[in-house]
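Enquirer: any chance you could fold what I've pasted below:
(one chain, ligands or ions: 1)
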Amino acid sequence: MSRWHQDSCTSPNVFPNSTDGIPQCHTCHAVPDLAKLAADVAGYSPWPPLPPDEPLSDLHLFWPPTVKYTQRNGPIDPNNNHVNQVIPESNPSPASSSPVSAVYSFTLGSDQFRILWLSSPRQPDDRIHVNLEICGFDDHPDYESTSYTWGGANDDNTLSKPVFVGPYWHVLYQTENCWSMLKFLRSTRTRRAVWVDAICINQQDGMERANQVSKMGSIYRQASGLIVFLGLDAAEPLPRGRVYRQKRLLSSLKARELRKIL
Ligand SMILES: [Zn+2]
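Expert: Numbering: from 1, shown residues only. Now for the predicted structure:
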């Protein structure tokens, strides 16, 4: 569960604790149990599950008449692979069931996408808080798109780092690399609007994910800039209160080539 308030709480009033930064609600006096919430998502993969293989009997396969054929049930004979093997259907993986989430209230329409607003921290180590705004492709505020690897340099796809979402501060666990990027992009002066695939798309909603992936070209084209996050090792610290701006890294020719790709 990403919601940690009392069920009766309808007017959240959340502030980070001054000592450890963990949010607490002044309305219902609830505090998230981050260890339990992390354990709840420990078995989930950020990648959508692969569809199950169709039973061989549904594939309408036939053997070429010019090749010798033997029909027999049992294990594959290493000396004769022309064998009909009975393959049991695999059990669904734990990742195929969706975790209950209060973050995404409904599936996005084909003309919609989400923008992530990074809240401004008071201190650099404050917990990461974001708000999600649903926009139309022809009606949205300026935002920057992002490019990064979910697993980072260590290819660690574990959902281990909490990001707090919306007025309820729902907990949404992300990979450490995604979390590091969000933390790096925050400004102490203002909110910042970005598009981050792992959060702006409900990864557990197969229909929404497929639809949004097909729209990614438009999402990148309509962004005011593209942030390429290569990891904290490649990032240079900026003076307090400053944010990274789009740089003219691409010549006009390369920019046109990039648009073709997208
Ligand atoms: Zn509450």
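Enquirer: next one: phi and psi at Pro52?
Expert: Torsion angles at Pro52 (phi, psi; degrees, to the nearest 10) stand at phi -70, psi 150.
Enquirer: and whatever residue of the stretch 151-262 of the chain ends up closest to the ion, which of the three is it?
Expert: Distances between the stretch 151-262 of the chain and the ion by CB to the ion are smallest at Tyr168, namely 7.2 Å. C-beta: built from backbone N, CA, C; applies to glycine. Under the three-state scheme (DSSP: H, G, I helix; E, B strand; the rest coil), Tyr168 adopts coil.
Enquirer: now Cys178
Expert: Applying three-state DSSP: Cys178 is helix.
Enquirer: which strand or helix spans the nearest residue to it once chain neighbours are set aside?
Expert: Closest residue to Cys178 apart from its sequence neighbours, by CB to CB, 6 or more residues apart in numbering: Ala198 at 5.2 Å. Assigned by DSSP states H and E, Ala198 falls within helix 197-200.
Enquirer: contact partners of that helix?
Expert: Contact with helix 197-200 is made by 46, 113-116, 130, 132, 146, 150, 163, 165, 172, 174-175, 178, 212, 216, as judged by CB atoms under 8 Å, 6 or more residues apart in numbering.
Enquirer: now do stretch 165-172
Expert: Contacts of stretch 165-172 (CB under 8 Å, 6+ apart): 2-5, 9, 12, 14, 23, 25, 32, 34, 37, 101-103, 129-132, 162-164, 199.
Enquirer: who's in contact with Thr107?
Expert: For Thr107, the contact set (CB under 8 Å, 6+ apart) comprises Asn202, Asp205, Met207, Glu208.
Enquirer: from Thr190, how far out is the nearest residue to it once chain neighbours are set aside?
Expert: Nearest residue to Thr107 in three dimensions, chain neighbours excluded: Glu208, at 4.7 Å (CB to CB, 6+ apart). Applying CB to CB, to the nearest Å, the value for Glu208 to Thr190 is 29 Å.
Enquirer: thank you, goodbye.
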